[in-house]
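Participant: 3D, please:
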Amino acid sequence: MIDTAALIDTINTNSSAITELSNWEEQLRFLGIKLINVVDFSELMVRFALNTAMIFLVVHFMYAKNSKRKDFYFSYLAIGVIVFLLCFLLNSVKLELGFALGLFAIFGIIRYRTDAIPIKEMTYLFIIIGISVMNALSNKKVSYAELMFTNSVIIFGLWFLEKRLMLKQEQSIRLIYEKIENIHTQNEAILLADLKERTGINIKRFEIQKIDFLRDVAEITLYFNVNGKEEL
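Facilitator: Numbering: from 1, shown residues only. Model prediction:
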């Protein structure tokens with residue numbers, strides 16, 4: 001049987017401790033602003049650790065390991081941290097949904113105009129921003145279990161797409177081909193064999209983009225599997 005008196009005493013003790021903590025925080029002010037809010041600061045630390053871990057998993061173990069390139073490594077980590085802190089600190093402005101959509105619009109417009117970003121890198125950028133916004137703007141009604149489950153689903157989804165569907169992912173390169181006589185439709189097999197011999201790539205298919213008879217060259221796009229294997 002529950003001891004009601006002991007339960008009431010425990011509640012009163014906790015309430016007193018919370019009240020004393022609140023009074024202590026209220027007294028520590030500088031120019032009218034609290035020097036620290038223990039509850040909010042603790043929440044910031046927990047959410048920041050969770051978001052940083054998720055961002056690192058996506059960038060290091062999903063993007064860098066599978067794409068074999070690290071030129072966006074720094075940018076992804078920096079953007080993930082900045083977007084999370086920006087959203088968390090401005091969460092009290094009550095702009096949750098509109099603010100999040102505004103961030104997506106801003107980064108969608110900027111798109112690092114100094115350089116063209118491939119579609120896959122843009123997708124990872126969208127994922128990094130989405131994870132950071134989600135971890136920062138989820139309110140008190142969202143439990144940590146739900147937040148962890150959502151992050152885990154994203155990580156598992158990326159792993160599945162990268163590892164299990166990689167066999168069907170194509171990559172392409174464009175080159176200038178000078179043996180114009182092989183461009184004829186009757187010489188398609190000869191052209192394909194020559195391209196494979198020259199490039200050493202197991203070409204699945206190719207497309208002739210442009211033919212210049214004045215210079216006797218043609219622009220050809222080659223398509224091949226990322227891992228160099230045939231599709232199952």
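Participant: Mark out where each domain of this protein begins and ends.
Facilitator: 37-164, 170-225 (automatic domain parsing).
Participant: could you dump those domains to CSV with mean pLDDT and mean neighbour count?
Facilitator: Yep, even glycine has a C-beta here, placed from its N, CA and C like the rest. CSV is the format used below for the domains of the chain (pLDDT from 0 to 100; neighbours: other Cβ atoms under 10 Å):
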stretch, mean pLDDT, mean neighbour count
domain 37-164, 79, 15
domain 170-225, 86, 13
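Participant: packing partners for the helix or strand where I208 lies?
Facilitator: Per DSSP states H and E: I208 is located in strand 203-212. The helices and strands touching strand 203-212, judged by 3 or more Cβ pairs under 8 Å, 6 or more residues apart in numbering; DSSP states H and E, are helix 188-199, strand 217-225.
Participant: which residues touch the closest residue to D216 other than its chain neighbours?
Facilitator: The shortest distance from D216 to any non-neighbouring residue, by Cβ to Cβ, 6 or more residues apart in numbering, is to I180 (4.4 Å). For I180, the contacting residues are 211, 213, 216-218, by Cβ atoms under 8 Å, 6 or more residues apart in numbering.
Participant: can you check N182 too?
Facilitator: Applying Cβ under 8 Å, 6+ apart, the residues near N182 are 190-191, 194.
Participant: And the strands in the protein, which stretches?
Facilitator: Counting by DSSP state E, the chain has these strands, from start to end: 29-30, 33-34, 170-177, 203-212, 217-225.
Participant: could I get those as a markdown table with distance to T52?
Facilitator: Listed next are the strands of the chain as a markdown table, based on distance: least, Cβ to Cβ, whole Å:
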| stretch | distance to T52 |
| --- | --- |
| strand 29-30 | 28 |
| strand 33-34 | 25 |
| strand 170-177 | 31 |
| strand 203-212 | 40 |
| strand 217-225 | 34 |
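Participant: Out of the ones you listed, the one nearest S143 is which?
Facilitator: strand 33-34 (26.6 Å; Cβ to Cβ).
Participant: Next, work out how far apart F56 and L158 are.
Facilitator: 13 Å (Cβ to Cβ, to the nearest Å).
Participant: Check N66 too.
Facilitator: In terms of Cβ to Cβ, N66 sits 9 Å off from L158.
Participant: What of Y177?
Facilitator: Taken as Cβ to Cβ, the span from Y177 to L158 is 37 Å.
Participant: From T150, how far off is S143?
Facilitator: 11 Å.
Participant: Please apply the same query to R174.
Facilitator: Taken as Cβ to Cβ, the span from R174 to T150 is 40 Å.
Participant: Could you do F156 as well?
Facilitator: For F156 relative to T150 (Cβ to Cβ), the value is 11 Å.
Participant: try Y73
Facilitator: 24 Å.
Participant: now swap in K196 and tell me
Facilitator: 45 Å.
Participant: what do you get for T199?
Facilitator: 43 Å.
Participant: How about the contacts made by the closest residue to Q209 other than its chain neighbours?
Facilitator: Setting aside the residues directly before and after it, Q209 is nearest to E219 in space (Cβ to Cβ, 6+ apart), at 4.3 Å. The contact partners of E219, by Cβ under 8 Å, 6+ apart, come to 174-177, 208-211.
Participant: Distance to I127 for these - can I get that in CSV?
Facilitator: What follows is these, written out as CSV (distance: Cβ to Cβ, whole Å):
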residue, distance to I127
R174, 28
L175, 32
I176, 36
Y177, 37
I208, 35
Q209, 31
K210, 35
I211, 40
